[in-house]
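*Asks:* show me how the following folds:
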Amino acid sequence: MTRVSLVLAALGGLMSVAVQPAFAADVKVTPLGSHDGEFCALDRAMIFEDPYGTRILYDAGRTVRGADDPRLGRIDGVLLSHAHGDHLGDIHAAKANAGDCGKPEFDVTDTPSSNTEKIVVAKKAKFFVGGEMNSFFGTRIPAAGGDKAQVITLRFGAMAKLGGVSIWSVPAAHSNGVSPAFLSGDLAKQMQANGLTADVGPPGGYVLRFSNGLTVYLSGDTGVIADQEAVIQREFHAKLAVLNIGDVFTTGPATAAYVINDLVKPAAVIPSHANEAATKDGKLLPNTRTAAFKEAVHIPVYLPLSGKTMEFDADGKCTGGC
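*Replies:* Numbering: from 1, shown residues only. As a prediction, this is how the structure comes out:
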């Protein structure tokens, strides 16, 4: 082979390497809490990033610091399990680490709009909701400057695609009342005076299946339901679960452990909605609900430390950041 041929062959090899697409085989999960590196009382929000780049925000709540929170980056889809203020977002903090982990301070009022709606509009994201929330937000998103087409109806049993991610809506045992704080006019005043909320259909959770095959169960706020075995485990075979453990409003640690050990049976679980300061300096505190849950569960429990990205393979095994 001549020198010219060798050079051309070498250049061809370099070009073939250069055009190969970069591909990370794992799903990235990044919690967005109130205090950097901690798992705190009002932490709900998480970003799930598919290996091919689709980014989905789950239950923005109060701890995403508005639509311009730099932690968000590009958001392609937003999931809302139900419309309670700690998930929809009636308030949020202007800066990180405000107040205590057990009692964060939120100094920005989002009502009568919401933190979630402002994020959906600013990011031009698809907004997946169940129950009667599609008609509610189908009116509110355009009023906030977005497009009604952004609101995607996803009731129980339905499936939608976003990039390489399949999204199913699944049941949850909870409630779904919209506070009068999110409304305006005489209706809001009358509801407030009578202690009423506006029902927008049943609450829910989600199942996400990513392009690498990983299937994730997002419980929403729920008690124990038969669907956790019949649907989440037997139909979807979820390998990673995000489960609420805070008691009173959802399953407590012992019951949540039963859900994981006997019903869902995933390979790993991320606790959520603990309603407590679960960590200090990123370390799990003893004598907490989160510690009790971890002790009772037979699989790896990964704490959702704010801003710390975890990576999971198709089998639910943590491959980085845990």
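*Asks:* give me the neighbour count for Leu284.
*Replies:* 14 (other Cβ atoms under 10 Å). From N, CA and C alone the C-beta is placed, and that goes for glycine too.
*Asks:* thought it was touching Ala291?
*Replies:* Yes: here Leu284 reaches Ala291: they are 5.6 Å apart, a contact under Cβ atoms under 8 Å.
*Asks:* point out where the stretch 101-250 of the chain drops to low pLDDT.
*Replies:* Counting by pLDDT under 70, the stretch 101-250 of the chain shows no low-confidence range.
*Asks:* which residues are common contacts for Leu284 and Ala291?
*Replies:* Common contact partners of Leu284 and Ala291 (Cβ atoms under 8 Å, 6 or more residues apart in numbering): Ala278.
*Asks:* buried residues in stretch 274-292?
*Replies:* For stretch 274-292, the neighbour count (16 or more other Cβ atoms under 10 Å) marks Ala274, Asn275, Glu276, Ala277, Ala278, Thr279, Thr288, Arg289, Thr290, Ala291, Ala292 as buried.
*Asks:* what's in contact with it?
*Replies:* 37-43, 100-102, 245-249, 252-254, 271, 294, 303, 305, 308.
*Asks:* distance check, the most centrally placed residue in the chain against Phe293.
*Replies:* Geometric centre of the chain, nearest residue: Tyr58, 2.4 Å, by Cα atoms, centre = their mean. From Tyr58 across to Phe293, the span is 19 Å (Cβ to Cβ, to the nearest Å).
*Asks:* coming back round to it: of the contacts of stretch 274-292, select the buried ones using a PyMOL command.
*Replies:* In PyMOL, a selection of the buried entries from those looks like this (16+ other Cβ under 10 Å):
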select buried, resi 38+39+40+41+42+43+101+245+246+247+249+252+253+271+294+303+305+308
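*Asks:* now, the contacts of stretch 274-292 that are in helices?
*Replies:* Mapping these onto helices (DSSP state H) picks out Pro253, Ala254, Lys294.
*Asks:* picking that back up, using JSON lines, lay out the buried residues of stretch 274-292 together with pLDDT, distance to Thr54 and secondary structure.
*Replies:* What follows is the buried residues of stretch 274-292, written out as JSON lines (pLDDT from 0 to 100; distance: Cβ to Cβ, whole Å; DSSP: H, G, I helix; E, B strand; the rest coil):
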{"residue": "Ala274", "pLDDT": "95", "distance to Thr54": "28", "secondary structure": "coil"}
{"residue": "Asn275", "pLDDT": "95", "distance to Thr54": "30", "secondary structure": "coil"}
{"residue": "Glu276", "pLDDT": "97", "distance to Thr54": "32", "secondary structure": "coil"}
{"residue": "Ala277", "pLDDT": "97", "distance to Thr54": "33", "secondary structure": "coil"}
{"residue": "Ala278", "pLDDT": "98", "distance to Thr54": "29", "secondary structure": "coil"}
{"residue": "Thr279", "pLDDT": "98", "distance to Thr54": "29", "secondary structure": "strand"}
{"residue": "Thr288", "pLDDT": "97", "distance to Thr54": "34", "secondary structure": "coil"}
{"residue": "Arg289", "pLDDT": "96", "distance to Thr54": "33", "secondary structure": "helix"}
{"residue": "Thr290", "pLDDT": "97", "distance to Thr54": "29", "secondary structure": "helix"}
{"residue": "Ala291", "pLDDT": "98", "distance to Thr54": "34", "secondary structure": "helix"}
{"residue": "Ala292", "pLDDT": "97", "distance to Thr54": "35", "secondary structure": "helix"}
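*Asks:* a markdown table for those residues, including distance to Cys322?
*Replies:* Below are the buried residues of stretch 274-292 laid out as a markdown table (distance: Cβ to Cβ, whole Å):
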| residue | distance to Cys322 |
| --- | --- |
| Ala274 | 18 |
| Asn275 | 23 |
| Glu276 | 21 |
| Ala277 | 21 |
| Ala278 | 16 |
| Thr279 | 14 |
| Thr288 | 19 |
| Arg289 | 20 |
| Thr290 | 15 |
| Ala291 | 17 |
| Ala292 | 20 |
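*Asks:* between the residues you listed, which sits nearest Gly205?
*Replies:* Nearest to Gly205 among these is Ala274, at 17.0 Å by Cβ to Cβ.
*Asks:* now the closest one: how far from Val242?
*Replies:* 12 Å.
*Asks:* Pro104 too?
*Replies:* 20 Å.
*Asks:* Ile167 - how many residues pack around it?
*Replies:* By the criterion of other Cβ under 10 Å, Ile167 has 21 neighbours.
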